[in-house]
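Peer 1: model this:
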Amino acid sequence: MTDKLDLRKQLKVYYSPSAKTFQVLEIPPLQYLMIDGRGDPAISQQYQDALQTLYSLSYTLKFILKAQGKDYTVMGLEGLWWMPDMREFSLERRADWEWTSMILQPDFITPELLDEAVRQASARGKAPLADRVRLETLAEGLCVQILYIGAYADEAPTIARMHAFIADKGYSLTGKHHEIYMSDARKVPPEKNRTILRQPVCTAV
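Peer 2: Purely as a prediction, here's the structure:
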């Protein structure tokens, strides 16, 4: 049996920002299982089905690889959030949000392994959106991020401060608003939720 790959430790520099200061760093290309959707995540059945599917497939992949002598940690949920016109993006327009829910995967996960995981999870009835899952590399590049502690509904002031920081440093927003959920919202009070807020940026022209 090989040593267990701990992605949280291997990628710690990308998943441990301060809650007090904004961090500017280069994010390497990373591979995810992804599902796209639309609507308010608080009330959307599609969103809940996406999460169930992503976790089911991620753990099925882990068990397939573990049987082959290769073990690793399953990472937590992440999400991209946007609207076609980001000037209209607000908490009041949650029903119009576009989203991509995703879970980071080791780079040795292949499309063929995913196909086998889909077959197994679907046979157990545990992957309701299996036909919409894709394995994709996300190359965000230069990003600004911070650890936000609090309820999801109260993120707006921190995001506004992040955008102001980005402008002050001479950057422009590019890519999609990225959230990395470090807490299990089912077990942690909203005010103690820990979420990494990440925004890809580029040098302002």
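Peer 1: what about the most centrally placed residue in the chain, which SS state?
Peer 2: Compute the mean C-alpha point of the chain, and by Cα atoms, centre = their mean the closest residue is residue 78, 1.7 Å away. Here residue 78 is recorded as strand under DSSP: H, G, I helix; E, B strand; the rest coil.
Peer 1: thought residue 32 was touching it, still the case?
Peer 2: Yes: counting by Cβ atoms under 8 Å, residue 78 touches residue 32, with 7.3 Å between them. (Glycine included, C-beta is placed from N, CA and C.)
Peer 1: in whichever strand or helix holds residue 99, what counts as buried?
Peer 2: According to DSSP states H and E, residue 99 maps onto strand 98-105. For strand 98-105, the neighbour count (16 or more other Cβ atoms under 10 Å) marks 99-105 as buried.
Peer 1: any chance of those in a markdown table, plus pLDDT and distance to residue 23?
Peer 2: As requested, the buried residues of strand 98-105 are exported to a markdown table (pLDDT from 0 to 100; distance: Cβ to Cβ, whole Å):
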| residue | pLDDT | distance to residue 23 |
| --- | --- | --- |
| 99 | 95 | 24 |
| 100 | 97 | 23 |
| 101 | 97 | 24 |
| 102 | 98 | 21 |
| 103 | 98 | 22 |
| 104 | 98 | 18 |
| 105 | 98 | 24 |
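Peer 1: what pairs with the strand holding residue 99, and is each one parallel or antiparallel?
Peer 2: Sheet pairing here is set by DSSP bridges, and for strand 98-105 it gives strand 30-38 (antiparallel), strand 77-82 (antiparallel).
Peer 1: ok, and what's touching that strand?
Peer 2: With Cβ atoms under 8 Å, 6 or more residues apart in numbering as the test, strand 98-105 has contacts from 7, 11, 30-38, 41, 47, 50-51, 54-55, 58, 61, 74-84, 135, 138, 176.
Peer 1: do that again at 6 Å, thanks
Peer 2: 30-38, 50, 54, 58, 75, 78-82 (Cβ atoms under 6 Å, 6 or more residues apart in numbering).
Peer 1: what remains of those residues if I keep only buried residues?
Peer 2: 30-37, 50, 54, 58, 75, 78-81.
Peer 1: give me the lowest-pLDDT entry from the residues you listed.
Peer 2: Of all the buried ones among the contacts of strand 98-105, residue 81 carries the smallest pLDDT score, 92.
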